[in-house]
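**Student:** sequence first, then the predicted structure, then my questions.
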Amino acid sequence: MFGLENIHQTHLPNDIIRSYLNLYSLIGRNDDFLSTLNEDLPLFIEATIREDVYALLQDLDIQIPEQRLKQLLLKDIQPRNRNETLCVRLKTIFRKMHSEIDDFELILYEITSLAQMLYQDIGPNDDWQYAKVIRTPSKDKKEINLLTSSFASKRDYLEQLIVLYHKAIDKHQFEKGYAATHFYLDFIALKPFNKHNETLALLVLYLLLLASDYRSFHLDAFFLALFAQKQAFLKARQEAYVNYSEGVSTAIPLHRFLLDITTKSYQAAQHMIRNYTYDHQHNKSDYLENTILRLNDVFTKEDIRLKHPTVSDSTINRTLKRLRDEDKIRPLGTGRSAKWMKVPQKPQKTEQITFKF
């Protein structure tokens with residue numbers, strides 16, 4: 001039995017209602033604040049994708065040397081091994097999610113394609129195939145017919161779950177994010193594939209949240225925020241599974257957690273847009289200097305690009321040259337792989353003032 005089957009028994013607490021009112025006042029301004037970025041919006045989305053891919057790879061403990069990982073995230077280069085292939089595929093999947101979200105509809109084919117796109121040829125193909133479940137005979141048949149397989153594919157159960165999701169959001173009966181949370185919990189419990197169910201469930205949840213008009217995740221990395229609070233996330237998920245097997249579970253604890261992340265994401269996105277507006281109204285070189293001074297003592301141009309995806313290379317080079325001439329930074333090496341080092345600044349001397357009376 002799926003949790004989505006009993007979603008109609010849900011009683012929403014007052015704090016969830018308040019969160020809805022706050023969140024939907026922000027969602028109602030999606031078009032306004034995204035349009036502020038104009039033609040630079042794709043650059044911001046690319047920066048978000050890089051952070052999401054990085055966070056997901058870290059959580060999966062996928063080991064890629066730091067310099068090579070930066071190149072894979074910033075450039076479209078060919079992967080050299082399975083780990084790098086997974087990185088490139090995640091980047092491709094996230095790009096597809098963001099660019100096609102307005103036309104997205106949850107169907108079985110989308111989930112099957114996602115599993116295949118991510119894991120095909122990375123490991124055994126059986127890993128991302130649908131799992132089998134033992135077929136139990138019906139009450140009026142004591143035995144299973146010899147011509148009938150004793151196993152059923154979980155593909156059929158996942159298809160039933162998708163139907164339940166669409167029923168829940170049909171005619172706006174339930175808030176889409178709440179239905180998405182239920183779907184995620186049911187997906188994890190079902191384990192439809194032989195392997196990789198946890199990762200695929202998270203990717204589907206992310207996709208459904210974007211489709212729920214939670215568009216702040218175009219600008220603020222969802223997985224970066226999620227894994228920063230992973231223990232709280234796992235605790236909320238565990239609470240949501242209480243009494244799941246009895247069919248009386250509720251997705252409220254996890255939904256509350258996700259609403260909090262989304263609201264904070266909107267706040268971060270608004271801050272980002274304010275910085276963007278400031279960046280275009282003031283001296284970009286000074287703005288870059290402030291960022292550089294907050295970076296590690298040794299940094300690269302790529303570190304700056306990650307923070308300022310819309311700033312041109314010429315502006316970055318001009319700022320680095322100025323700071324070098326001011327003896328605030330020094331180059332370490334030359335060429336594309338060159339690094340920069342911040343020069344410790346001596347505290348300014350202050351003269352002792354003597355008061356004469």
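**Tutor:** All right, it came through fine. Residues are numbered from 1 along each chain as shown.

**Student:** C-alpha from now on. contacts and neighbour counts both.
**Tutor:** Will do.

**Student:** in this structure Thr319 contacts Thr291, no?
**Tutor:** No - here Thr319 does not reach Thr291: they are 11.1 Å apart, not a contact under CA atoms under 8 Å.

**Student:** so between the two, which is more surrounded?
**Tutor:** A count of neighbours by other CA atoms under 10 Å puts Thr319 above the other of Thr319 and Thr291, at 19 against 14.

**Student:** quick one: the helices in the stretch 201-350 of the chain?
**Tutor:** Taking DSSP state H, counting those that start in this stretch, the helices of the stretch 201-350 of the chain run over residues 222-228, 230-240, 252-281, 284-294, 301-307, 313-325.

**Student:** one more: the stretch 1-150 of the chain?
**Tutor:** Going by DSSP H, counting those that start in this stretch, the stretch 1-150 of the chain shows helices at 14-27, 30-35, 41-59, 66-74, 82-100, 108-119.

**Student:** Gly333: which of the ones you listed is closest?
**Tutor:** helix 66-74 (14.8 Å; CA to CA).

**Student:** just checking, what packs against the closest one?
**Tutor:** helix 82-100 (3 or more CA pairs under 8 Å, 6 or more residues apart in numbering; DSSP states H and E).

**Student:** contact partners for Asn14?
**Tutor:** Neighbour list for Asn14: empty [criterion: CA atoms under 8 Å, 6 or more residues apart in numbering].

**Student:** swap that for Ala179, please
**Tutor:** Listed by CA under 8 Å, 6+ apart, the contact set of Ala179 reads Leu4, Tyr165, Ala168, Ile169.

**Student:** where does the prediction get shaky in the stretch 51-200 of the chain?
**Tutor:** 135-150 (pLDDT under 70).

**Student:** tell me the confidence at the closest residue to Arg305 other than its chain neighbours?
**Tutor:** With sequence-adjacent residues excluded and distances taken as CA to CA, 6 or more residues apart in numbering, Arg305 is closest to Val311, at 7.4 Å. At Val311, the pLDDT value in this model is 79.

**Student:** still on that earlier bit, and of the helices of the stretch 1-150 of the chain, who's closest to Thr199?
**Tutor:** Smallest distance to Thr199 across these (CA to CA): 8.7 Å, for helix 41-59.

**Student:** in the closest one, which residues are buried?
**Tutor:** Buried residues in helix 41-59, counted by 16 or more other CA atoms under 10 Å: 41-57.

**Student:** how about stretch 199-214?
**Tutor:** Within stretch 199-214, judged by 16+ other CA under 10 Å, the buried ones are 200-214.

**Student:** which residues are contacting it?
**Tutor:** Residues external to stretch 199-214 that are found in contact with it (CA under 8 Å, 6+ apart): 27, 97, 101-102, 104, 111, 114-115, 176-177, 180-181, 183-184, 187-188, 217, 222, 262.

**Student:** where do the strands sit along the stretch 101-250 of the chain?
**Tutor:** Using DSSP state E, counting those that start in this stretch, the strands of the stretch 101-250 of the chain run over residues 132-134, 151-153.

**Student:** my guess is Phe227 contacts Leu57. True?
**Tutor:** No - using CA under 8 Å, Phe227 is not in contact with Leu57; the gap is 11.0 Å.

**Student:** now Pro72: closest residue in space, sequence neighbours ignored.
**Tutor:** Just so we're on the same page, residue 72 is Leu rather than Pro. Among residues not flanking Leu72 along the chain, Val88 sits closest, at 6.9 Å (CA to CA, 6+ apart).

**Student:** number of residues surrounding the one you found?
**Tutor:** Neighbourhood size, Val88 [other CA under 10 Å]: 21.
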